[in-house]
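Peer 1: Sequence and predicted model, in that order:
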Number of protein chains: 2
Amino acid sequence: MGGNVVKIGVIGFGTVGAGTVKVLWERQSDIERELGVRIQVARVIDKDWVRERPVVVPPELRGEDPALVLEDPEIQIVVEAIGGVSPAFEVVSEALSRGKSVVTPNKELIAKRGGELLEIAAKQGVDLFFEGTVGGGIPIIHALKEQLAGDDIEEVIGIVNGTTNFILSAMSLQRASYEEALQEAQRRGYAEPVPTMDVEGFDAVYKLAILASLCFHTKVDVDSIFREGITRLIPEDLEFARELGFVVKLLAISKKTNGRLELRVHPVLLPEEHPLASVTGVENAIYVKSRTRALTFRGPGAGGEATGSALVGDIIEAIRNLKYNCRGRVGCTCLRELPVRPVEELVMQYCVRILALDVPGVLGKIATQFGEAGVSLSAVKQPVSTPGRLTNIYFLTHEVQEARLRDSLERIQKLEVVKDVYAIRVERGDS
Amino acid sequence: MGGNVVKIGVIGFGTVGAGTVKVLWERQSDIERELGVRIQVARVIDKDWVRERPVVVPPELRGEDPALVLEDPEIQIVVEAIGGVSPAFEVVSEALSRGKSVVTPNKELIAKRGGELLEIAAKQGVDLFFEGTVGGGIPIIHALKEQLAGDDIEEVIGIVNGTTNFILSAMSLQRASYEEALQEAQRRGYAEPVPTMDVEGFDAVYKLAILASLCFHTKVDVDSIFREGITRLIPEDLEFARELGFVVKLLAISKKTNGRLELRVHPVLLPEEHPLASVTGVENAIYVKSRTRALTFRGPGAGGEATGSALVGDIIEAIRNLKYNCRGRVGCTCLRELPVRPVEELVMQYCVRILALDVPGVLGKIATQFGEAGVSLSAVKQPVSTPGRLTNIYFLTHEVQEARLRDSLERIQKLEVVKDVYAIRVERGDS
């Protein structure tokens, strides 16, 4: 162990990289005392050394070329916090191939190429840890890989994107429009200037790929995940939901039924008693249900120091395994390749919003189309409106197969009095 | 590893012991596939083989004497599910001394003598895991020992007793009296015929000792934990709380301030936005706040198969460490001995219920005593009552030191018009 000092190299010094170094330095003496080894951040790599960070790296530790870490034989643990697939993939695979353990919060990398990297790690007998990839500071990855390794998991449902959860909370609590809520999120730094990755659900797709892979011990192709964003939601949707005892959340959902997987990210009406329903603002939470237990893990979904703490946990784990010479003790758990169920064949309830002209007979025309498509209705709400003007009419269906629901919506869309149709899926949970 | 088969001995075949064996057998092939070793329950010990269990143990595996497990050199992992301190302590220390790893859900044993047992485990280089001791099926112990090992934890607050949480939920939702709610819990098998361990907070004290010890890396003496049960609560208390935006919970609380610990179990008024507030019925949850992140772990607090799943997680961990020859990689984390802050010096808000005669001037008399003791009031509620009859008057104080609050209550108790005085502490949290 290099004279009882474990040297760490950090590649990528953005929000999470800097948060990790900050937390590590703050807690260094306690961690060293607990592990019985000394630790040293030996090198920090970034292209930009002008930007201000919450922690100051002495000039002699700074560098711009990842090779300074990768080619240093004394560095045994590498923190990759570059983000994205390239050059992160090359950096991580090179580090692993050289016998270094790697800690990374890079969700896109792990979702898309985690399997290959875990194979390299296994071949080299080193660790690849990625606790920070899902739920920021929430310790869900190790829990799934270790404490829940024996569980027969049936479903995993997550609020895994803080930006969209903040926007939906603001739309619900302040009756803000989507655009207003997004601007508020941007003002607070919770949303990017170009928010597509978050609001269209791409970020949640990466996280779901990782969660489902761990829960169901299977390879997951990110392209097989159904995805729908939150941009079409309006405050009235959330109000109709609330009247029926639901909240609206962007959820990442995976369930196993008869050996096949559901994999989907979309807005959902969730009963307000569900453990995820009370999670508001930028918080994240992951609900995991196995045959024997239903667990919820809740906490900060992002933030340099919260996610940094998750990475420090991974670093500690990597050091323990170095010290006890048992690196690679928890490897890849993707033992299977489960087929994916198409969304069209799923059966659930739907909340449907139909923008239609308030003219005599409109409700009858719409209801007739639902009926002819075989969709039966559980609740209807037509607010007081002005005759001849457009108004939103809401429907809650009974359980129906998605293919049938889509058929009904196509028919309704063709009615002359109907201007727009939008459906939100309902997740009943157990409660 | 004895021909690639890991043999497991189970001592104590009650609810959790049987739940563990059931889950282990159900999941055996998947676990073996993941670990790459075969596992075998080689012996199950119990005094009573008449009682019915959810799983049938073949006669040739049954035994009555723990020595059959302890003295079998091929058994490398022992599950102790006897409960209580004796003979569990002797069984576990003997197993560890003979080089076996031990998995136990025995909270009283770990709370009272965990330190000694972890020392034996460290000396022998074996594992002692106790995931099932706190929160039943919730994987909180490994999270605290491993993923949160680098966190500077400031507070841990738990709903760690399902019986009392069920009773308080029933009192709140159905306006049941304490006695009615207790009887309902007993009917459902959630409460013992003699419910003292639960309703007086002893069970929660054991769990808090374990949680605080792990969170603050310190030895905790169970006798140093302040304890107050839920038997004096009445439905009106919960109603007054609700009107002010609080729920009432029995909480196990430990906080670190300037190197000293608070350690207390008692009923609490908790803001309804707190992550623990929505946890109802027999569910448990643990909230952990460090400088960088606030996490909530929620799930089933008891149940043979839920807790059994936690023990199976521990067994898997113990097998991994056997396989990679790194037993003892996570040992005792009690590096310190932090002093305990007496409850009298804590500063918080209180909800005070005073049973007094409805006679002219009674409110003035009480309020004067609060004022003279230096306790200022934030809210008062005197319901419409019958002159000359006893009535409950409620007060919410501003923040005040407990010693001063107690002084005020002593003065008020002495008033001739006052028949009874009861105070509930308020936990503000961050929200």
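Peer 2: Perfect, thanks for sending it.
Peer 1: A:Phe216: neighbour count?
Peer 2: Applying the criterion other Cβ atoms under 10 Å in any protein chain shown, we find 25 residues in the vicinity of A:Phe216. Bear in mind the C-beta positions are built from the backbone N, C-alpha and C, glycine included.
Peer 1: and the gap between it and A:Glu154?
Peer 2: For A:Phe216, the distance to A:Glu154 (Cβ to Cβ, to the nearest Å) stands at 9 Å.
Peer 1: Quick check: neighbours shared by these two?
Peer 2: Taking Cβ atoms under 8 Å, 6 or more residues apart in numbering or on different chains as the contact criterion, the common neighbours of A:Phe216 and A:Glu154 are A:Lys256.
Peer 1: ok, so what distance separates the residue nearest to A:Gly313 when sequence neighbours are not counted from A:Gln147?
Peer 2: Residue nearest to A:Gly313 in three dimensions, not counting chain neighbours: B:Gln147, with 4.1 Å by Cβ to Cβ, 6 or more residues apart in numbering or on different chains. B:Gln147 sits 10 Å away from A:Gln147, taking Cβ to Cβ as the criterion.
Peer 1: Check A:Arg425 too.
Peer 2: Plainly put, A:Arg425 is 30 Å away from A:Gln147 if you go by Cβ to Cβ.
Peer 1: do the same with A:Gln382
Peer 2: In this structure, A:Gln382 lies at 50 Å from A:Gln147, with Cβ to Cβ as the measure.
Peer 1: neighbour-wise, which of these two wins?
Peer 2: Between A:Gln382 and A:Gln147, counting by other Cβ under 10 Å, A:Gln147 is the more crowded of the two (27 against 16).
Peer 1: Report pLDDT for that one.
Peer 2: In this model, A:Gln147 is scored at 97, pLDDT.
Peer 1: Ok, A:Thr333 next?
Peer 2: pLDDT, A:Thr333: 79.
Peer 1: Just give the closest residue to it, not the sequence neighbours.
Peer 2: Closest residue in space to A:Thr333, ignoring its immediate chain neighbours: A:His217 at 5.0 Å, by Cβ to Cβ, 6+ apart.
Peer 1: Now do the contacts for the one you found.
Peer 2: If you count contacts by Cβ under 8 Å, 6+ apart, A:His217 has them with A:Thr333, A:Cys334, A:Leu335, A:Arg336, B:Asp30, B:Glu34.
Peer 1: My read is that the first one contacts A:Leu214, right?
Peer 2: Yes: when contacts are counted by Cβ atoms under 8 Å, A:Thr333 is listed as touching A:Leu214 (6.3 Å).
Peer 1: all helices for chain A, in order.
Peer 2: Assigned helices in chain A, in chain order: A:15-26, A:28-35, A:67-70, A:88-97, A:107-124, A:141-142, A:162-173, A:178-187, A:196-199, A:202-216, A:235-243, A:304-323, A:362-372, A:402-413 (criterion: DSSP state H).
Peer 1: which one of those lies closest to B:Lys323?
Peer 2: Go through the helices of chain A one by one with Cβ to Cβ and the one that ends up closest to B:Lys323 is helix A:304-323, at 13.2 Å.
Peer 1: Domain boundaries for chain A, per the record?
Peer 2: Residue ranges for the domains of chain A, per automatic domain parsing: A:5-137+A:304-323, A:141-300, A:343-426.
Peer 1: just so I know, which of these lies nearest B:Asp203?
Peer 2: Each of the domains of chain A has some distance to B:Asp203 by Cβ to Cβ; the shortest is domain A:141-300, at 19.4 Å.
Peer 1: Show the end-to-end separation of that closest one, please.
Peer 2: Looking at domain A:141-300, the gap from its leading to its trailing residue is 15 Å under the measure Cα to Cα, to the nearest Å.
Peer 1: How about stretch A:74-84?
Peer 2: Taking Cα to Cα as the measure, stretch A:74-84 stretches 27 Å from start to finish.
Peer 1: Contacts for that stretch next, please.
Peer 2: With contact meaning Cβ under 8 Å, 6+ apart, stretch A:74-84 is reached by A:1-2, A:6-14, A:16-17, A:20, A:42-43, A:69-70, A:88, A:91-92, A:95, A:100-106, A:108-109, A:311, A:315, A:318-319, A:322.
Peer 1: now those: which count as buried?
Peer 2: Buried by 16 or more other Cβ atoms under 10 Å in any protein chain shown: A:6-13, A:16-17, A:20, A:42-43, A:69-70, A:88, A:91-92, A:95, A:100-106, A:108-109, A:311, A:315, A:318-319, A:322, out of the contacts of stretch A:74-84.
Peer 1: returning to that earlier point: touching both of A:Thr333 and A:Leu214, which residues are there?
Peer 2: Shared between the contact lists of A:Thr333 and A:Leu214 (criterion: Cβ under 8 Å, 6+ apart) are residues A:Lys145.
Peer 1: who's more crowded, the two?
Peer 2: Comparing A:Thr333 with A:Leu214 by neighbour count (other Cβ under 10 Å), the higher total belongs to A:Leu214, at 26 against 18.
Peer 1: quick one: low-confidence ranges for the stretch 1-150 of chain A?
Peer 2: Low-confidence regions of the stretch 1-150 of chain A, defined by pLDDT under 70, span residues A:1-3.
Peer 1: what's around A:Glu236, how many residues?
Peer 2: Look at A:Glu236: counted by other Cβ under 10 Å, it has 15 neighbours.
Peer 1: Nearest spatial neighbour of it, chain-adjacent residues omitted?
Peer 2: A:Asn392 (5.8 Å).
Peer 1: correct me, but the one you found touches A:Pro383?
Peer 2: Yes: in this structure, A:Asn392 is within contact of A:Pro383 by Cβ under 8 Å, at 7.3 Å.
Peer 1: what about the two, which has more around it?
Peer 2: Per other Cβ under 10 Å, whichever of A:Asn392 and A:Pro383 has more neighbours is A:Asn392, with 19 against 12.
Peer 1: Tell me the confidence at that one?
Peer 2: Among the per-residue scores, A:Asn392 shows a pLDDT of 96.
Peer 1: which bits of the stretch 251-400 of chain A sit near chain B?
Peer 2: By Cβ under 8 Å from any Cβ of the partner chain, the residues of the stretch 251-400 of chain A that approach chain B are A:275, A:278, A:285, A:290-300, A:303, A:305-306, A:308-310, A:312-313, A:315-317, A:320-321, A:323-326, A:328-330, A:333, A:335.
Peer 1: let's go with 7 Å and repeat that
Peer 2: For the stretch 251-400 of chain A, the residues in contact with chain B under the definition Cβ under 7 Å from any Cβ of the partner chain are A:275, A:278, A:290, A:292-300, A:305-306, A:308-309, A:312-313, A:316-317, A:320, A:324-326, A:329-330, A:333, A:335.
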